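1. sharing a model prediction with you, sequence too.
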Amino acid sequence: MTYVVVELCVDCKYTDCAAVCPVEAFHELPDRLYINADTCIDCDACVPECPVEAIFADTNVPENYAHWTQINIDEAPKYPIISQKIPALHGPTCTGPEE
Ligand code: SF4
């Protein structure tokens, strides 16, 4: 099992999730985060931290985001780890709150 960041994160990139993760499972891309399936211990701590509800257990990913599980698995390890909160990207397509 693992947890998965879905499309709702794209262009928002809040990093509250990365700050609470006990095992540094989040990896940072320019416009989003992904979760490393080999690192995640399924603790659920990140889920309530996301202002746009972009994180799901892989057993609970909505059908329209199902392909994001494999995207996280494949792509996360290619990017650097992020384990602290930084200012949100909050780009033009992000519908989440201003920080
Ligand atoms: Fe990290 Fe826990 Fe979220 Fe997995 S479920 S990414 S271990 S905070």
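-> Alright, I've got the coordinates.
2. need the residues of this protein near the ligand, please.
-> 3, 20-21, 23, 25, 35, 40-46 (Cβ under 6 Å from any ligand atom). Every C-beta, even on glycine, is put in place using the N, C-alpha and C of the backbone.
3. identify the farthest-apart pair in the residues you listed.
-> 20 and 42 (13.9 Å; Cβ to Cβ).
4. neighbour-wise, which of these two wins?
-> Comparing residue 20 with residue 42 by other Cβ atoms under 10 Å, the one with more neighbours is residue 20, at 16 against 12.
5. surely that one and residue 49 touch.
-> Yes. Using Cβ atoms under 8 Å, residue 20 is in contact with residue 49, at 5.5 Å.
6. circling back: with secondary structure and pLDDT as extra columns, can I get the residues of the chain next to the ligand in JSON lines?
-> Conversion of the residues of the chain next to the ligand to JSON lines gives the following (DSSP: H, G, I helix; E, B strand; the rest coil; pLDDT from 0 to 100):
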{"residue": "3", "secondary structure": "strand", "pLDDT": "98"}
{"residue": "20", "secondary structure": "helix", "pLDDT": "98"}
{"residue": "21", "secondary structure": "coil", "pLDDT": "98"}
{"residue": "23", "secondary structure": "coil", "pLDDT": "98"}
{"residue": "25", "secondary structure": "coil", "pLDDT": "98"}
{"residue": "35", "secondary structure": "strand", "pLDDT": "98"}
{"residue": "40", "secondary structure": "coil", "pLDDT": "98"}
{"residue": "41", "secondary structure": "coil", "pLDDT": "98"}
{"residue": "42", "secondary structure": "coil", "pLDDT": "98"}
{"residue": "43", "secondary structure": "coil", "pLDDT": "98"}
{"residue": "44", "secondary structure": "coil", "pLDDT": "98"}
{"residue": "45", "secondary structure": "coil", "pLDDT": "98"}
{"residue": "46", "secondary structure": "coil", "pLDDT": "98"}
